[in-house]
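**Q** fold the following, please.
(2 chains)
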Amino acid sequence: MMAKLPLPKEEYLYRGHAACPGCGAPLAMRYTMKALGPRVIMNVPAGCTAVIGGVWPRTAFKFDMMDHVFESTGAVSSGIRAALDAKGIEDVTVLAWAGDGGTVDIGLQALSGAVDRGTDFIYVMMDNEAYMNTGIQCSGSTPIGAWTTTTPFGKKCEIILQRKKKIMEMMVANGIVYGATVNVAYPEDFVKRVKKATEFEGPKFIHALSPCAPGWRVDTAKTVEVARLATQTNMFPLYEVEWSEYRLTKTIKERKPVSEYLKTQGRFRRVSEDMVNRIQAMVDEEYEELLRKVELSKG
Amino acid sequence: MMEVITSNYAAAYAAKLSRVEVIAAYPITPQTSISEKLAELVDSGEMDAKYIKVESEHSAMAALIGASHVGARTFTATSSQGLALMHENLIWAAGVNRPIVMPVAARALSGPWTIWSDHSDVISERDAGWMQFFCENNQETLDMIIMAYKIAEDREIMTPAMVIEDGFILSHTVEAVDMPLQEEVDDFLPPFDPEFKIDFKSEPRRYAGVLAPDWWQEHRYRRMLDMERGKEKIVEVERDFKRRFGRSYGGLVEFYRCDDADVALVIAGAPTGTAKDVVDEMRDRGKKVGLVKLRSFRPFPGEELVKLNDMVSMVGVFDKSYTMGQGGAFFQEIRNALYSPDGVPIKNYIGGLGGRDVTKKNIERIFEDLLALNKEGKVDRIIDWVALKGGPGRWE
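**A** Model (predicted):
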């Protein structure tokens, strides 16, 4: 049983940021910054967060932040760390903050390079499961069965059996020293995982699930509820990986069927009953695989 | 101290002498020996810099943009495909005023494959917002990199700079290079001290965030002014350099034996040395020819070049690149600069593409062509391709 941690009081986002109503990203950023404190340089590629910060000369962030092109997140982080090292500054966290498309698709090469180089940084992948900033296009992290504007599932287009890229496994194979999945519906766990990441020197990878109300076709008041269901149904299990050792960070006692998660969201509206069963089987299989890794890690 | 080294080694030693703090390196022919030499210098402790082995040139430039925002002096080197891959980040670096200095061992852009020299890679980046300096020899590569930091990092300029050395012809050819002492360079080039950087001493800032239409045009206007101020700064820095090191290269443009010339040829990069020899030999034979060495292509020295209208009666422009559907890039821009009702006739010569040697004979034929056309008072055609197999007879 995990002890409940009170969240640090400090806020590093001003009110009046430009996120959509019901957006999970500001929650994720608040929790991350509460865990890290102000000695942070955050680097951000194209994506929702670049917009959430507002338009010059205003900024919604109470910490140093730098924008850059879409593909370059990992590389910019390596450069920031090298400059800090050159200046002898040791107590600063280099925080890369990118979306799912910016991570698993266009930014994958630079991220892989940064992990391979052993860059001392925390990379947060803000996963809202599609290119939401450009208006809901399918990314490599869009789940099976989800409608997007580029997977319209109309008359000619069948539902694509494309799974989310297993980015955490890719990162573990790539050589991260610490990885964790976190969910905006579990703030204490979120903060705890990010804090834990700071204890490691080297590349750390945080995979954060964060609903997009317009993209997922959910009510803006249901962000946390829907996000929590993702974990309660094992669609998005919470675990951490320490030097390739897996550990569950949230144990779900009574797992709910995936249908409960799917039916909350308009993006899964066209998923047939048969498809729901297939998704359930897939989720079960993947969770079993995760448990096997957890068991192996215990040995 | 004299050393016999390639232009690539001269570039690496220039980085060392400039006390570069962060290097990002990715191999590409013919730049690679710059990156290798720097790895050696950092590994041996001779150079105190952080060396990032990136996974692409796109990432090399990205890493330096990140490092530069933290106030580090930054360096990388590239060629051809690598420069093209960087394109997006080149524009970003210039747009957010990061004074990165980068030698480019100029090489043709491929398709089909070529690894040999011409200027098509750097010409393709003429709109990237970088200063572009062409070097004639290895000494100039070394001197220009050191000067480029001083120009680029000036708070009134804050603009990145490419120092261009023709691939293989300079990059892999050894020449005697006078190596300045570290103390002398330290005295000339102060540490990088930008007005805005992430140092946790000032209020947190957001760098390079979103600029809406109500300010974008003003931002671009300021970038224009940065580059324009570069023109004076280049001359000023070179004057200072000459006072300390005894060498100078003529500012934005060097006019070589143009004073009483009938015709002049504009040229840039490695072929300049060859062309100067040809001018000397033809002068000995009483031919009134002059040479114009284009050192700075960005900023473009239109005000200097327009003087040619009063100096000579016909101008040739030699391009080691060709812009499809248009012509040589130097030619297009110089013709624009010289345009006036009294402007002199001007002709474009294309040559040295994809590693083709630019020989003394080629240059001499160009001058003879110009002298012959000058007698008629007009050019026969706008563009000639030099020594083209199966081309117009006179070049075979």
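**Q** every contact and neighbour count from this point should use C-alpha atoms.
**A** Noted.
**Q** for chain A, what's the longest helix?
**A** Secondary structure assigned by DSSP state H gives helix A:273-298 as the longest helix of chain A.
**Q** where are the low-confidence patches of the stretch 201-350 of chain B?
**A** Along the stretch 201-350 of chain B, the model assigns pLDDT under 70 to no residue.
**Q** can you tell me how far the residue positioned nearest the centre of chain A is from chain B?
**A** By C-alpha atoms, centre = their mean, the mean C-alpha position of chain A lies nearest to residue A:208, the distance being 2.4 Å. In this view, residue A:208 and chain B are 23 Å apart by C-alpha to the nearest C-alpha, to the nearest Å.
**Q** stretch A:88-97 and chain B in contact?
**A** No - for stretch A:88-97, no contact with chain B is found by C-alpha under 8 Å from any C-alpha of the partner chain; the gap never falls below 9.2 Å.
**Q** ramachandran angles for the residue of the stretch 101-250 of chain A found nearest chain B?
**A** Closest residue of the stretch 101-250 of chain A to chain B, C-alpha to the nearest C-alpha: residue A:113 (5.6 Å). The phi/psi pair for residue A:113 (degrees, to the nearest 10) reads phi -60, psi -40.
**Q** which residue packs closest to residue B:75, ignoring adjacent ones?
**A** residue B:23 (4.9 Å; C-alpha to C-alpha, 6 or more residues apart in numbering or on different chains).
**Q** which residues does the one you found bridge with?
**A** Beta-bridge partners recorded for residue B:23 (DSSP bridges): residue B:51, residue B:75.
**Q** what about the helices in chain A?
**A** Using DSSP H, helices in chain A cover A:25-36, A:48-52, A:73-87, A:100, A:108-116, A:167-174, A:187-197, A:213-216, A:223-232, A:258-262, A:273-298.
**Q** wait, the stretch 251-396 of chain B
**A** B:271-284, B:302-305, B:308-311, B:329-338, B:360-376 (DSSP state H, counting those that start in this stretch).
**Q** which one of the ones you listed is the most hemmed in?
**A** helix B:329-338 (a mean of 20; mean count of other C-alpha atoms under 10 Å in any protein chain shown).
**Q** what residues does that helix touch?
**A** B:123, B:302-303, B:305-306, B:308-309, B:317-319, B:321-323, B:344, B:346-348 (C-alpha atoms under 8 Å, 6 or more residues apart in numbering or on different chains).
**Q** give me that answer again for 7 Å
**A** Residues from elsewhere that reach helix B:329-338, judged by C-alpha atoms under 7 Å, 6 or more residues apart in numbering or on different chains: B:302, B:305, B:306, B:309, B:317, B:319, B:322, B:323, B:346, B:348.
**Q** and the residue of the stretch 1-150 of chain B nearest chain A?
**A** Counting by C-alpha to the nearest C-alpha, the stretch 1-150 of chain B gets nearest chain A through residue B:63, at 3.9 Å.
**Q** tell me the SS of that residue?
**A** Judged by DSSP: H, G, I helix; E, B strand; the rest coil, the three-state class of residue B:63 is helix.
**Q** surely it touches residue A:79?
**A** Yes - counting by C-alpha atoms under 7 Å, residue A:79 is a contact partner of residue B:63 at 3.9 Å.
**Q** next, count neighbours for the residue nearest to residue B:20 when sequence neighbours are not counted.
**A** Nearest residue to residue B:20, sequence neighbours excluded (C-alpha to C-alpha, 6+ apart): residue B:73, at 5.1 Å. A count of neighbours around residue B:73, defined by other C-alpha atoms under 10 Å in any protein chain shown, yields 28.
**Q** mind listing what residue B:73 touches?
**A** B:20, B:21, B:22, B:192.
**Q** now the residues you listed in a markdown table, with pLDDT and neighbour count?
**A** A markdown table is the format used below for those (pLDDT from 0 to 100; neighbours: other C-alpha atoms under 10 Å in any protein chain shown):
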| residue | pLDDT | neighbour count |
| --- | --- | --- |
| B:20 | 98 | 23 |
| B:21 | 98 | 25 |
| B:22 | 98 | 27 |
| B:192 | 98 | 20 |
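**Q** and the residue of the stretch 1-150 of chain B closest to chain A, what does it touch?
**A** A:75, A:76, A:77, A:78, A:79, B:24.
**Q** residues from chain B in reach of chain A?
**A** Chain B comes close to chain A at residues B:21-22, B:49-50, B:54-55, B:59, B:62-67, B:70, B:72, B:198, B:204-212, as judged by C-alpha under 7 Å from any C-alpha of the partner chain.
**Q** hang on, the earlier thing: so which of the contacts of residue B:73 are in strands?
**A** residue B:22 (DSSP state E).
**Q** between the contacts of residue B:73, which is nearest residue B:288?
**A** For the contacts of residue B:73, the minimum distance to residue B:288 (C-alpha to C-alpha) is 45.2 Å, reached by residue B:20.
**Q** ok, now which ones touch the closest one?
**A** B:49, B:73, B:74, B:75.
**Q** any chance of the residues you listed in JSON lines, with pLDDT and distance to residue B:331 too?
**A** As requested, the contacts of residue B:20 are exported to JSON lines (pLDDT from 0 to 100; distance: C-alpha to C-alpha, whole Å):
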{"residue": "B:49", "pLDDT": "98", "distance to residue B:331": "40"}
{"residue": "B:73", "pLDDT": "98", "distance to residue B:331": "35"}
{"residue": "B:74", "pLDDT": "98", "distance to residue B:331": "33"}
{"residue": "B:75", "pLDDT": "98", "distance to residue B:331": "31"}
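**Q** by neighbour count, which of those wins?
**A** Ranking the contacts of residue B:20 using other C-alpha under 10 Å puts residue B:74 first, with 31 neighbours.
**Q** show me what contacts that residue?
**A** Here residue B:74 is in contact with B:20, B:21, B:22, B:23, B:64, B:68, B:100, B:101 (criterion: C-alpha under 7 Å, 6+ apart).
**Q** ok, and the closest non-adjacent residue to the second one?
**A** Pointing back at residue B:21 there. Per C-alpha to C-alpha, 6+ apart, closest to residue B:21 is residue B:49, 4.5 Å.
**Q** ends of stretch A:218-234, how far apart?
**A** 19 Å (C-alpha to C-alpha, to the nearest Å).
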